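Asker: got a predicted structure plus its sequence, pasted below:
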Amino acid sequence: MHIFAHFSRFCAGIGGFMSKNIAIFASGNGTNAENIIRYFQNSELVNVELVLTNRESAFVLERARSLNVPFACMGKAEWMDGTAVLSLLENRGIDFIVLAGFLARVPDCILHAYPNKIINIHPSLLPKFGGKGMYGDRVHEAVVAAGETETGITIHYLNEHFDEGEIIVQYKCPVVAEDTAGDVAKKVHALEYEYYPKVIDSLLSEVR
């Protein structure tokens with residue numbers, strides 16, 4: 001395990017509510033993670049307390065570093081077992097977990113410790129183009145190859161099966177005949193950046 005925590009922001013009661021600490025799980029570049037961090041940067045009620053990855057080379061670590069968010073990297077064995085990851089989450093006082101391009105399986109012990117408190121975003125309208133191995137450009141290429149006329153994003157709760165958790169909300173965008181997978185990716189990313197932070201904020205508002 002590699003932990004690179006810069007600092008821990010004070011978690012205080014504001015207006016009778018305790019601020020919520022969220023952890024972001026990400027495996028790659030981290031554009032969604034950065035967007036979420038910036039969205040809540042000045043919030044008094046939601047605090048991005050931790051960015052957690054399964055890859056030491058993930059650029060999301062650099063994004064977290066530059067934004068002064070504590071971050072950590074856990075190895076394959078630690079993700080398979082889950083106890084060290086869960087211990088870190090508990091030590092950081094994490095209330096809610098957000099997956100943003102996270103490609104490892106979340107261990108059962110974490111799923112059980114955070115029931116209906118872990119959400120994921122998928123770049124298609126589930127149940128279409130979901131399941132193990134369907135992520136990123138693979139999804140957009142499949143959408144174009146299938147001749148779909150629309151696609152979008154699905155925000156859903158996490159369970160033991162890839163992309164099968166209860167759907168919270170979906171947002172759509174058109175796919176035209178001339179669109180390449182890259183064109184579809186741009187449309188889907190725009191939906192992700194606009195709506196994912198807002199949905200997180202809304203969900204946390206309901207449990208304050």
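Answerer: Now that the structure is in, tell me what you want to look at. Numbering: from 1, shown residues only.

Asker: averaged pLDDT, stretch 182-196. What do you get?
Answerer: Averaging pLDDT along stretch 182-196 yields 98.

Asker: same question for stretch 79-86.
Answerer: Stretch 79-86 shows a mean pLDDT of 96.

Asker: now do the buried residues in that stretch.
Answerer: Neighbour-count burial for stretch 79-86 flags 79, 82, 84, 85, 86 (criterion: 16 or more other CB atoms under 10 Å). Any C-beta I mention is one placed from the backbone N, CA and C, and that applies to glycine too.

Asker: start to end distance for it?
Answerer: Using CA to CA, to the nearest Å, the end-to-end distance of stretch 79-86 comes to 10 Å.

Asker: and it, how far from the chain's centre?
Answerer: 18 Å (CA atoms, centre = their mean, to the nearest Å).

Asker: also stretch 114-122?
Answerer: 8 Å.

Asker: not counting sequence-adjacent ones, nearest residue to residue 32?
Answerer: Leaving aside its sequence neighbours, residue 32 sits nearest to residue 100 (CB to CB, 6 or more residues apart in numbering; 3.9 Å).

Asker: wait, that neighbour sits on residue 22?
Answerer: No. With contacts counted by CB atoms under 8 Å, residue 100 stays clear of residue 22, the gap being 10.8 Å.

Asker: so between those two, which is more surrounded?
Answerer: Between residue 100 and residue 22, counting by other CB atoms under 10 Å, residue 100 is the more crowded of the two (25 against 21).

Asker: burial of residue 115, as a residue count?
Answerer: Number of residues near residue 115 (other CB under 10 Å) recorded here: 10.

Asker: in a markdown table, list the buried residues of stretch 79-86 along with distance to residue 123 and secondary structure.
Answerer: Shown next, in a markdown table, are the buried residues of stretch 79-86 (distance: CB to CB, whole Å; DSSP: H, G, I helix; E, B strand; the rest coil):
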| residue | distance to residue 123 | secondary structure |
| --- | --- | --- |
| 79 | 22 | helix |
| 82 | 26 | coil |
| 84 | 30 | helix |
| 85 | 25 | helix |
| 86 | 28 | helix |
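
Asker: quick check, nearest of the residues you listed to residue 109?
Answerer: Distance to residue 109, by CB to CB, is smallest for residue 82 among these, at 4.4 Å.

Asker: shaky segments in this structure?
Answerer: For the chain, residues meeting the criterion pLDDT under 70 lie at 1-17, 207-208.

Asker: where along it do the strands fall?
Answerer: Secondary structure of the chain, counting by DSSP state E: strands at 2-4, 13-14, 17-18, 20-25, 46-53, 71-73, 96-99, 118-122, 150-157, 167-174.

Asker: so which of the ones you listed comes closest to residue 142?
Answerer: Distance to residue 142, taken as CB to CB, is lowest for strand 150-157 among the strands of the chain, at 9.7 Å.

Asker: export the closest one to CSV, keeping only CA atoms.
Answerer: This file holds the C-alpha atoms of strand 150-157, laid out as CSV (Å, rounded to 0.1, in the frame of the first residue of the first chain):
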residue,chain,number,x,y,z
GLU,A,150,-28.8,7.4,-28.8
THR,A,151,-26.5,6.7,-25.9
GLY,A,152,-25.7,8.5,-22.7
ILE,A,153,-24.7,7.9,-19.1
THR,A,154,-26.0,5.7,-16.3
ILE,A,155,-25.4,6.6,-12.6
HIS,A,156,-26.2,3.6,-10.4
TYR,A,157,-25.6,2.0,-7.0
